[in-house]
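Student: structure of the sequence below:
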Amino acid sequence: MGRPTIIVQNRIEACAAAAAASAAQLRLDIRSAAWVADAYGPMVFAAMMEAARRAYPDAEVRGILDCGDSAGMAMAAFRHGLDVRVAVADPVRTKLRQMAERSGREVVTGEGPLLDLRGEPDPVAACSRWVATLASGRAQHRR
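Tutor: Here you go, the predicted model:
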């Protein structure tokens, strides 16, 4: 099972996730929503993650760009210091894993407890509540 993951659409949500991880001293994955890679690209998502890490330097967070079925987007994400989630055929996934390893990155496949912030009016409160459920052992997928 993978690490707890919060799916974000923007910098505010990425910072909310990092704040919750920092406050709870929890290792957390921050993954882009599926549309973010096509709309913003890896450079913008990497900048979102950098802003979150700067705002919450104690947070142990990993940025994962959801690249859909685009191997090219995954390769670009590696160059921007991001791990990726990608839906490609096994031979392509194997090659991407090799590239990721050479650049110190990862092709993430496992998924732990999940919170999707899409439509959340108060992402800070949503992240805090969800992380509290993780601490109490009641976490589940929320989409």
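Student: CA atoms for contacts and neighbours, from now on please.
Tutor: Fine.
Student: least trustworthy helix or strand in the protein by mean pLDDT?
Tutor: Here the helix or strand of the chain ranked lowest by mean pLDDT, DSSP states H and E is helix 123-136, holding a mean of 92.
Student: and the helices in the protein?
Tutor: Counting by DSSP state H, the chain has helices at residues 11-24, 36-39, 41-55, 71-79, 90-102, 123-136.
Student: for the first one, packing partners?
Tutor: The one in question is helix 11-24. strand 27-32, helix 41-55, strand 60-66, helix 123-136 (3 or more Cα pairs under 8 Å, 6 or more residues apart in numbering; DSSP states H and E).
Student: could you dump these to TSV with distance to P113 and mean neighbour count?
Tutor: Written out in TSV, the entries for these read as follows (distance: least, Cα to Cα, whole Å; neighbours: other Cα atoms under 10 Å):
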stretch	distance to P113	mean neighbour count
strand 27-32	10	24
helix 41-55	20	19
strand 60-66	15	24
helix 123-136	8	17
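Student: would CSV of these with distance to N10 be doable?
Tutor: Shown next, in CSV, are the helices and strands packed on helix 11-24 (distance: least, Cα to Cα, whole Å):
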stretch, distance to N10
strand 27-32, 8
helix 41-55, 7
strand 60-66, 12
helix 123-136, 11
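Student: mind checking which of these is nearest Q98?
Tutor: Set against Q98 and scored by Cα to Cα, the helices and strands packed on helix 11-24 come closest in strand 60-66, at 17.0 Å.
Student: which helices and strands sit right next to the closest one?
Tutor: Secondary-structure packing of strand 60-66 (3+ Cα pairs under 8 Å, 6+ apart): helix 11-24, strand 27-32, helix 36-39, helix 41-55, strand 83-85.
Student: contacting residues around stretch 65-80?
Tutor: 31-34, 36-38, 41-43, 45-46, 82-88, 92, 96, 99-100, 103, 105 (Cα atoms under 8 Å, 6 or more residues apart in numbering).
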